[in-house]
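1. here you go, sequence then predicted model.
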Amino acid sequence: MIRDLINLDLDKLPISGLAIHFIKKYEVMTNISEAFIVPNFSLLLLKSGKFNIQLEDITQEMKERDLLVIPRNSYCSLIEVHGKVQLYLISFSTDYAIRNGMKKELIESFYFVIGLKAVKIGLEEKEFLVLSLIFKLIYFVNKDAQNGSQDLDLQKIGFTLLLYELRLIYNKYTPEHIQQITQKENLIMRFFTILSIHYKKQHDAKFYAGALYVTPGHLNKVVKQITGKSIKRLIVQTIITEAEILLDDLTITIAEIADELEFPSANSFSVFFKKHSSISPSQYRLNAAEKFKTH
């Protein structure tokens, strides 16, 4: 069952890039030892029962209140299941994480998102309850989306809460897991930090490479290996995400948004936005206003 849920094509779901499941009764539906590749970043939170899962060459023994962070492209197989297994499973794409979490105060939580190694953390009861409540919020928002009701604000709130909680968990367990951070992961985190500060003004890979004392080619190679995206694509995506947030606020003019994002003119901003979003800022704003009316 985990294999089927974790391998969903996230781009085809009601909330593009995000899938969440609450399994109240786990059923083994395929050969339990059959291996598979995990295509997207995933979080597994065990509510009850026990099972063993192998990620790469390491077997993780999962028990009640354990959180398992599963990196992209992990080689995985479920080995044993014991008792009544209940679990939460959330998967999201790099695109979704960047669209909803590229804020300076959340960057630290990206250590989980870009990690190359699986991390298992035994949570205290209070931590488990908080994280499970956030999972439930995201689950019900996702369920509403399946029924045709999209609440973008609530989606962002749920995901922001998840990243905040992951950041707190990471800070608490850093002494145990800091040794697992590779040079590549550290480089990516520093890149994300600089990007979150300078994306409005600096649109060239050379700036970020220079700030990190590496060549643009090396930085782009590492970024693409871990995120699946080029530096240019991540810069564009960060700008478009911020533009969409500003466009959702109908009290701000498009000229003011262009100025806020440091474009030389409203026209240049409109050309940029349409090139990368397929619609003009004014059309995006009209669509957003229509959605607001329907809600």
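-> Sure thing, it's come through. Because the structure is predicted, anything quoted here is derived from the model rather than measured.
2. tally up the residues packed near residue 220, please.
-> Residues near residue 220, counting by other CB atoms under 10 Å, number 18. (Each C-beta comes from the backbone N, C-alpha and C, glycine too.)
3. and residue 203, by the same measure?
-> With neighbours defined by other CB under 10 Å, the count for residue 203 comes to 16.
4. and for the closest residue to residue 231 other than its chain neighbours, the neighbour number?
-> Excluding the flanking residues, the one nearest residue 231 by CB to CB, 6 or more residues apart in numbering is residue 205, at 4.3 Å. A count of nearby residues for residue 205, using other CB under 10 Å, gives 20.
5. quick check: residue 205 touching residue 218?
-> No. Assessed by CB atoms under 8 Å, residue 205 is found out of contact with residue 218, at 10.5 Å.
6. circling back to that earlier point, any idea how far the residue nearest to residue 231 lies from residue 55?
-> Using CB to CB, to the nearest Å, one obtains 32 Å as the distance from residue 205 to residue 55.
7. residue 120 too?
-> Per CB to CB, residue 120 is found 9 Å from residue 55.
8. and residue 44, what helix or strand is that in?
-> Assigned by DSSP states H and E, residue 44 belongs to strand 41-55.
9. what's the mean pLDDT across that strand?
-> Average pLDDT, strand 41-55: 89.
10. buried set for that strand?
-> 41-47, 49-51, 53-55 (16 or more other CB atoms under 10 Å).
11. now swap in stretch 80-99 and tell me
-> 81, 85-99.
12. which parts of the stretch 51-200 of the chain are strands?
-> Per DSSP state E, counting those that start in this stretch, the stretch 51-200 of the chain carries strands over the ranges 58-62, 66-70, 74-92, 119-122.
13. the ones you listed: lowest mean pLDDT?
-> For these, mean pLDDT drops lowest on strand 74-92, to a mean of 84.
14. ok, that one: who's next to it in the sheet?
-> Note on strand 74-92: by DSSP bridges, its sheet partners are strand 18-23 (antiparallel), strand 36-38 (antiparallel), strand 41-55 (antiparallel).
15. just the angle for that strand relative to strand 66-70, thanks.
-> 110 degrees (axes from the mean of the first three to the mean of the last three CA atoms, to 10 degrees).
16. relative to strand 58-62, how tilted is strand 74-92?
-> 50 degrees.
17. put together TSV for the buried residues of strand 41-55, with distance to residue 267 on each row.
-> TSV is the format used below for those (distance: CB to CB, whole Å):
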residue	distance to residue 267
41	38
42	42
43	43
44	48
45	48
46	53
47	53
49	59
50	61
51	57
53	53
54	55
55	50
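18. nearest to residue 281 among these?
-> Lowest distance from residue 281 to the buried residues of strand 41-55 (CB to CB) belongs to residue 41, with 30.5 Å.
19. low-confidence regions, this structure specifically.
-> 1, 27-34, 102, 104-116, 147-152, 174-181, 289, 291-295 (pLDDT under 70).
20. quick one: the helices in it, in order.
-> Listed from the start of the chain, the chain has helices (DSSP state H) covering 2-6, 94-101, 110-114, 125-146, 152-177, 183-198, 205-211, 216-227, 231-247, 254-260, 266-277, 281-294.
21. most tightly packed of the ones you listed?
-> helix 110-114 (a mean of 23; mean count of other CB atoms under 10 Å).
22. quick one, domains of this protein?
-> Structurally, the chain divides into domains by automatic domain parsing as follows: 2-180, 183-294.
23. on that earlier part again, quick one: closest of the strands paired with strand 74-92 to residue 136.
-> strand 18-23 (7.4 Å).
24. what does that closest one rub up against?
-> With CB atoms under 8 Å, 6 or more residues apart in numbering as the contact definition, strand 18-23 has outside contacts at 1, 5, 8, 10, 13, 85-93, 96, 135-136, 138-139, 142, 155, 159.
25. alpha carbons of it, as PDB, please.
-> Presented in PDB, the C-alpha positions along strand 18-23 are these (Å, rounded to 0.1, in the frame of the first residue of the first chain):
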ATOM      1  CA  LEU A  18       1.000  17.500  -2.800                       C
ATOM      2  CA  ALA A  19      -0.500  14.200  -1.600                       C
ATOM      3  CA  ILE A  20      -1.500  13.300   1.900                       C
ATOM      4  CA  HIS A  21      -3.000  10.100   3.300                       C
ATOM      5  CA  PHE A  22      -4.300   9.000   6.700                       C
ATOM      6  CA  ILE A  23      -4.200   5.200   6.800                       C
END
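26. how far out from the middle of the chain is it?
-> Averaging C-alpha positions (CA atoms, centre = their mean, to the nearest Å) puts strand 18-23 14 Å from its chain's average.
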